[in-house]
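Participant: need a structure here:
(one chain, ligands or ions: 2)
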Amino acid sequence: MAPPPLRIDLLRARARYLLALGALGLPVCKPSPEASAQTPPNPHRPGSSWQVPSPDRGTRRTGCQSGVACIHPSRPPPAASAGPAPFQRCDTALAVAALGMTPEHHRATFSPEATLQERRTTPNACCYSWSETGCRGRPLRDGSGAALVAPSVRAPGDSALDTSPALSADPWVAQALAAHWSAEAAAEHASVAAFAREATVLRALGAPEELLRATQRAALDEVEHARRVYAEASRWAGAALGPGALPPLEALPEELPALVDRALLDGCLGEGCAALEAEHAAHLARDPDTRALLDAIARDETEHAALAWRTVRWALRQGGDPVRERLRAFRAALARGLAAPEPDWSGDGPLAPYGVPSPATARAVRRETARSVVLPCLDALLAAA
Ligand SMILES: [Fe+2]
Ligand SMILES: [Fe+2]
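Facilitator: Ligands and ions are numbered 1, 2, ... in the order given. Model prediction:
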């Protein structure tokens, strides 16, 4: 039996972002060819193209997967993309494909340190730091692109917190929900710092006041998300949870192209996905409090994605061709990812009544967001520029 459809309004999302771009109603706003393409079923490769590769040495620091993975290229890459000596065989684009990653879901950065260590036992190895992208709104990234979060810790001082589960559940369900919401809360908490750091870069680059204010407002939204999601985690954990300390942060480069890369990947795609995931999850949740939380997150993340589109539009006007090239490269990577075979969505998992869709649902939502929202909006922006 076919699973029920995803409960997401892609048309409304696309219209919201086209409005942010000032492009609503233009002929170029029609879905791109990829938007109407059918995904070919591929029963022989379950989860293949979207599956997170198993890290050789995991450094999981967030609810989003991340780690270090090594490959052993059998032949050198094209000369143009070869790394510096002694890493001539190491090419990030080839590695992304070889590791079964997709550009819109994973970010990979060549790691000289891990490579040198691996080469003590395996000559010619190439190692990469990688992390999942686009899974929980605006991530806080370190220099290698991996998402950073603070650990969730007991917050014994908060006696006002409701720690009684709203729905009766088996102990394993309560445990799984506590772990899920705790990871979500840590990601929301990290988003506060991500927006605060982004505001610093925008100010340094002379962004208009509207963008500065909206970025500050987004940071405050994330404060509220973190507070409410930690409360949800605490209900299921039976103890008050809160954030510990974040690791030290590196300063971001004050450059338009890098700003655009972050806005496209983590804002237009990442927060756009987060909004639609929350929208779908709100339809699943039986508990009214959980549903209200997910509805609020969906609304706010939609506005954060719209802010990312406005940021990209401003950067394009400021930066011209170099920025346009980043948009085109991002578009090409998205289209390549969508062309890869993907198993059909098989429905929501056992935690669905608690507002927690399965990982397969999250992947399906991300794919639809990329195909039916991000690509058409990118096309509209490029055509209007
Ligand atoms: Fe958020
Ligand atoms: Fe957000």
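Participant: quick one: low-confidence ranges for the stretch 51-200 of the chain?
Facilitator: Applying pLDDT under 70 to the stretch 51-200 of the chain flags residues 51-67, 74-84, 96-97, 99-109, 130-136, 156-169.
Participant: Can you pull the residues of it lying near ligand 1?
Facilitator: Counting by CB under 5 Å from the ion, the positions of the stretch 51-200 of the chain adjacent to ligand 1 are Gly137, Glu188. C-beta: built from backbone N, CA, C; applies to glycine.
Participant: Could you pull out the strands in the stretch 51-200 of the chain for me?
Facilitator: In the stretch 51-200 of the chain, the strands defined using DSSP state E, counting those that start in this stretch lie at 57-58, 66-71, 106-110, 126-132, 140-141, 147-148, 152-154.
Participant: Whichever residue of the stretch 1-150 of the chain sits closest to ligand 2: how many residues sit nearby?
Facilitator: Of the stretch 1-150 of the chain, the residue with the smallest distance to ligand 2, taken as CB to the ion, is Gly137 at 3.8 Å. The number of residues packed near Gly137 is 31, by other CB atoms under 10 Å.
Participant: Next one, pLDDT for the residue lying closest to it once chain neighbours are set aside please.
Facilitator: Leaving aside its sequence neighbours, Gly137 sits nearest to Ala274 (CB to CB, 6 or more residues apart in numbering; 4.0 Å). Looking at Ala274, its pLDDT stands at 95.
Participant: and the helix or strand where Ala274 lies, what does it pack onto?
Facilitator: Taking DSSP states H and E as the definition, one finds Ala274 inside helix 272-284. If you count contacts as 3 or more CB pairs under 8 Å, 6 or more residues apart in numbering; DSSP states H and E, helix 272-284 packs onto helix 10-20, helix 288-319, helix 359-369.
Participant: just to revisit the earlier point, any figure for the gap between the residue nearest to Gly137 and Glu118?
Facilitator: Here Ala274 is placed at a distance of 34 Å from Glu118 (CB to CB, to the nearest Å).
Participant: quick one, which of these two is more surrounded?
Facilitator: A direct count of neighbours by other CB under 10 Å for Ala274 and Glu118 places Ala274 higher, at 32 against 21.
Participant: isn't the more buried one right next to Glu301, touching?
Facilitator: Yes. Between Ala274 and Glu301 there is a contact under CB atoms under 8 Å: 4.4 Å.
Participant: where do the contact lists of these two overlap?
Facilitator: Common contacts of Ala274 and Glu301, defined by CB atoms under 8 Å, 6 or more residues apart in numbering, comprise Gly137.
Participant: Going by neighbour count, list what's buried in stretch 140-147.
Facilitator: By neighbour count on 16 or more other CB atoms under 10 Å, the buried set for stretch 140-147 is Leu140, Arg141, Asp142, Ser144, Gly145, Ala146, Ala147.
Participant: And the furthest pair within those?
Facilitator: Using CB to CB, these span at most 12.8 Å, a distance reached by Leu140 and Ser144.
Participant: Now for Val373: which residues touch it?
Facilitator: Contacts for Val373 (CB under 8 Å, 6+ apart) come out as Leu10, Ala13, Arg14, Tyr17, Gly272, Leu276.
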